[in-house]
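Chemist: give me the fold of what follows.
(one chain, ligands or ions: 1)
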Amino acid sequence: MAAQLLIFGGGQMGTALLEGIIASGAVASDDIVVIEPDPERRAMLRLAHDSLVLLDTPELEHIGPETSALIAVKPDVAEGATRLAGAFGVKRILSVVAGISSARLEATLSVPIPVVRAMPNTPAIVGAGVTVISGGSHVTKDDLDWAERLLSSVGTVLRLPEKQLDAVTGLSGSGPAYVFFLAEALIEAGVTAGLSREVSRTLAVETILGAGKLMSQSGQSPEVLRAQVTSPGGTTAAAVRSLEARAVRSAFVEAVMAAVERSKTIGR
Ligand SMILES: NC(=O)c1ccc[n+]([C@@H]2O[C@H](COP(=O)([O-])OP(=O)(O)OC[C@H]3O[C@@H](n4cnc5c(N)ncnc54)[C@H](OP(=O)(O)O)[C@@H]3O)[C@@H](O)[C@H]2O)c1
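Modeler: Numbers count the residues shown, from 1 in each chain. You can find the predicted model right below:
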């Protein structure tokens, strides 16, 4: 029977999207085929979803006029997977592969098929990702609406021109790592100040979670929220002075720019 969605790659990102798509009801599990060459990964997916079709290579019987493909494999095999999806005649393709342009993916296709590119991030695993989508040269509003429906099952979705995807990669794609880096530093600081590692970890993680929720839900800018916890001559003012003296703000700008440049290089 033809499936609605063919997912190439049941790894970390493919599984996160699969879980979100099924949980949100965007596509039913018995309407999804996952192409995953690793038998152990297939076995893990089978444990979680007994009605899912799991294959190591696509089969024609699962492709119909309404079948779309989601490419969630590593960049070095992405063009091969896209070529295969095209050869099987899928209706449209959504790629979450970092650094490979829609033009490069389109070049693997013998007939024009709409290619939507997306840059998600790992909080998608817990349904709290942020994803930017961009359309390739044959994409219509319908294709972008479809991609947004799928990806909004794992978080917030924004639409931007593809030329901004390197900047997006540097900010939100790599961004969770900057926050984990901050958490590591705060935990070390807590231990240095005399707290146990376990208590430091709880305090650091819950502070980051709570501050994120406050920024998202209060509608206030980070500057205003920071001013609210910075009383004149107080503890926060002393800490921020120390951060500014070490040019931490500028270090973050430079770090994001380094990631943006790296993303441009990988995509060449
Ligand atoms: N994880 C993230 O934070 C993140 C964020 C944004 C974008 N992405 C993008 O998402 C993509 C997947 O990343 P990931 O972290 O999920 O990688 P991953 O965990 O390594 O998953 C990729 C999976 O695809 C399988 N695979 C390899 N060749 C295949 C083929 N020809 N057909 C079908 N499946 C194939 C791999 O199996 P084998 O291990 O047997 O090769 C692996 O299980 C990458 O392109 C990455 O750029 C990831």
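
Chemist: buried stuff in stretch 30-44?
Modeler: 31-36, 41-42 (16 or more other C-beta atoms under 10 Å). In short, each C-beta sits where N, CA and C put it, glycine included.

Chemist: so is that stretch next to the ligand?
Modeler: Yes - legend: contact between stretch 30-44 and the ligand by C-beta under 6 Å from any ligand atom is shown at 35-38, 41.

Chemist: out of those residues, which sit inside helices?
Modeler: residue 41 (DSSP state H).

Chemist: quick one: the buried residues of stretch 30-44 as a markdown table, columns for distance to residue 4 too.
Modeler: Putting those into a markdown table (distance: C-beta to C-beta, whole Å) gives the following:
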| residue | distance to residue 4 |
| --- | --- |
| 31 | 4 |
| 32 | 7 |
| 33 | 9 |
| 34 | 13 |
| 35 | 15 |
| 36 | 18 |
| 41 | 22 |
| 42 | 20 |
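
Chemist: going along the chain, name the helices of the stretch 101-250 of the chain.
Modeler: Remark: helices assigned in the stretch 101-250 of the chain by DSSP state H, counting those that start in this stretch are 102-106, 141-151, 165-168, 175-192, 197-218, 222-228, 235-245, 248-267.

Chemist: tell me the most buried of the ones you listed?
Modeler: Highest mean neighbour count of the helices of the stretch 101-250 of the chain: helix 165-168, a mean of 22 (counted as mean count of other C-beta atoms under 10 Å).

Chemist: pLDDT (mean, whole number) over that one?
Modeler: Summarised as a single mean, pLDDT over helix 165-168 is 96.

Chemist: hang on, the earlier thing: quick check, nearest of the residues of stretch 30-44 next to the ligand to residue 243?
Modeler: Using C-beta to C-beta, residue 41 comes nearest to residue 243 of the residues of stretch 30-44 next to the ligand, at 42.3 Å.

Chemist: in contact with the closest one, which residues?
Modeler: Counting by C-beta atoms under 8 Å, 6 or more residues apart in numbering, residue 41 makes contact with 10-11.

Chemist: just the pLDDT for it.
Modeler: We have a pLDDT of 96 for residue 41.

Chemist: pull the number of nearby residues for the residue of the chain found nearest the ligand.
Modeler: Across the chain, the shortest distance to the ligand (C-beta to the nearest ligand atom) belongs to residue 11, at 1.7 Å. Neighbours of residue 11 under the rule other C-beta atoms under 10 Å: 13.

Chemist: just give me the residue closest to the centre of this protein.
Modeler: Nearest residue to the geometric centre of the chain (C-alpha atoms, centre = their mean): residue 120, 2.0 Å.
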